[in-house]
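A.B. asks: output the structure for:
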Amino acid sequence: MSQGNNTQTLVSEFILLGLSRDWGTQVSLFVLFLTMYLVTVVGNFLILLLIRLDSRLHTPMYFFLTVLSLVDLCYANSIAPQLLAHLLTVRKSIPFHSCVLQLYASLALGGSEFFLLGAMAYDRYVAVCHPLHYTVIMHGGLCLGLAAGCLVAGFTNSLMETVITFRLPLCHNTINHFVCETLAVLRLACVDISFNMVMVAVSGFLVIILPCSLVLFSYGRIVAAILHIRSAQGRSKAFRTCASHLTVVSMCFGAAIFTYLKPRSASSMEEEKLVTLFYAVVAPMLNPLIYSLRNKEVMAALQKVLGKCRDKR
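C.D. replies: Below is the predicted model:
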């Protein structure tokens, strides 16, 4: 297979350079990421189970949390198993079609999560600013429509970006990454990628800036409403309903804005790898922990389930 910089190559597979070439480091990373992956699966599955079993959690907020947990599970499974397998192999290859599928799935699920966080911010805005009309406004049809719209938007954006990325002629097949990622694949192209970089910027605006704007608008109105609550206890209760979601939003959008809104020349492959690790491994693990440990209703549901298990013994 030709490795020349100016010669188009017929690519049947890609070679991923991974995170490290040191065997000891790879084994340590395998243990770390395997632990995080297991926590991700167990944590998100537990959230899904508690919401399913406890009728008190059958509300719009927990419906969106259910969808978010499903997206996190799928996102982690689109990257983590392959990452773990490659950490224990010398030749880190991935077939062309698997690379295309992985890029499409990770972009689609990541984009859907950003849109979902925006929808969840709107849900919290309605809960705090219009509590008496909350159940009327956030009815089942609207919740289903918002969740479906988030998924359709994420998968449509991913399809566009994946198609224009893999239509490019490639000069070689070695990807300086541990996963098939848009910018890493674009670096393999034999032709000018200015159009692709414009589309990446447009995609970033749609997937990051628009949901982030909705989040900022919603929480701006929420803060204004909380400040008008006279009692300190009332303000504390109103803030608690938003604390978990605000923590996740700050974490996800903060990392995305820091990465994608700074000049491309200021970024490096190592930074891009760290950001991908964050969204693929760290965020799906932290989300259920944040929503459970900081949420009294979820903890109460967990205690209820554990109590029933003890009673059956």
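A.B. asks: just the strands from this structure, written as ranges.
C.D. replies: For the chain, strands defined by DSSP state E occupy the ranges 13-16, 93-95, 174-175.
A.B. asks: select, out of the ones you listed, the one closest to residue 62.
C.D. replies: strand 93-95 (36.7 Å; Cβ to Cβ). Heads up, the C-betas are built off the backbone N, CA and C, glycines and all.
A.B. asks: can you give me the buried ones in that closest one?
C.D. replies: residue 94 (16 or more other Cβ atoms under 10 Å).
A.B. asks: show residues contacting it.
C.D. replies: 12-16, 82, 102, 180 (Cβ atoms under 8 Å, 6 or more residues apart in numbering).
A.B. asks: and if we set it to 10 Å?
C.D. replies: 11-16, 82, 85-86, 99-102, 173, 175, 179-180 (Cβ atoms under 10 Å, 6 or more residues apart in numbering).
A.B. asks: which residues touch the residue nearest to the spatial centre of the chain?
C.D. replies: Centroid check for the chain by Cα atoms, centre = their mean gives residue 110 as the closest residue, at 4.1 Å. Neighbouring residues of residue 110 by Cβ under 10 Å, 6+ apart: 71, 75, 78, 154, 157-158, 207-208, 252, 256, 276, 279-280, 283.
A.B. asks: just send those residues back as CSV, with neighbour count too.
C.D. replies: Below are the contacts of residue 110 laid out as CSV (neighbours: other Cβ atoms under 10 Å):
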residue, neighbour count
71, 25
75, 23
78, 21
154, 23
157, 22
158, 23
207, 24
208, 20
252, 23
256, 21
276, 21
279, 22
280, 25
283, 21
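A.B. asks: as CSV, those with distance to residue 121 and pLDDT would be great.
C.D. replies: Formatted as CSV, the contacts of residue 110 follow (distance: Cβ to Cβ, whole Å; pLDDT from 0 to 100):
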residue, distance to residue 121, pLDDT
71, 16, 94
75, 20, 93
78, 25, 92
154, 16, 95
157, 19, 94
158, 22, 95
207, 15, 90
208, 14, 87
252, 12, 77
256, 15, 73
276, 24, 83
279, 19, 82
280, 23, 83
283, 17, 85
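A.B. asks: so what pLDDT did residue 91 get?
C.D. replies: pLDDT for residue 91: 88.
A.B. asks: that one against residue 15, yeah?
C.D. replies: Yes. With contact defined as Cβ atoms under 10 Å, residue 91 reaches residue 15; the gap is 7.3 Å.
A.B. asks: which of those two has more neighbours?
C.D. replies: Between residue 91 and residue 15, residue 15 has the larger neighbour count (other Cβ atoms under 10 Å), namely 15 against 7.
A.B. asks: excluding sequence neighbours, find me the nearest residue to the more buried one.
C.D. replies: residue 174 (4.8 Å; Cβ to Cβ, 6 or more residues apart in numbering).
A.B. asks: neighbours around the one you found, how many?
C.D. replies: 13.
A.B. asks: where does it land on pLDDT?
C.D. replies: In this prediction residue 174 is given a pLDDT of 90.
A.B. asks: correct me if wrong: it contacts residue 188.
C.D. replies: Yes. Counting by Cβ under 10 Å, residue 174 does reach residue 188; the two are 7.8 Å apart.
A.B. asks: grab the longest helix from this structure for me.
C.D. replies: helix 96-129 (DSSP state H).
A.B. asks: roughly how far is it from the heart of the chain?
C.D. replies: 6 Å (Cα atoms, centre = their mean, to the nearest Å).
A.B. asks: list the buried residues in it.
C.D. replies: Applying 16+ other Cβ under 10 Å to helix 96-129 flags 96, 99-100, 102-129 as buried.
A.B. asks: next one: stretch 216-232
C.D. replies: 218-219, 221-222, 225-226.
A.B. asks: and of those, the nearest to residue 166?
C.D. replies: residue 218 (36.3 Å).
A.B. asks: do I have it right that that closest one meets residue 130?
C.D. replies: No. Between residue 218 and residue 130 there is no contact under Cβ under 10 Å: 11.9 Å.
A.B. asks: contacting residues around the closest residue to residue 195 other than its chain neighbours?
C.D. replies: Among residues not flanking residue 195 along the chain, residue 164 sits closest, at 7.6 Å (Cβ to Cβ, 6+ apart). By Cβ under 10 Å, 6+ apart, the contact list for residue 164 reads 182, 186, 193, 195-196, 199-200, 203.
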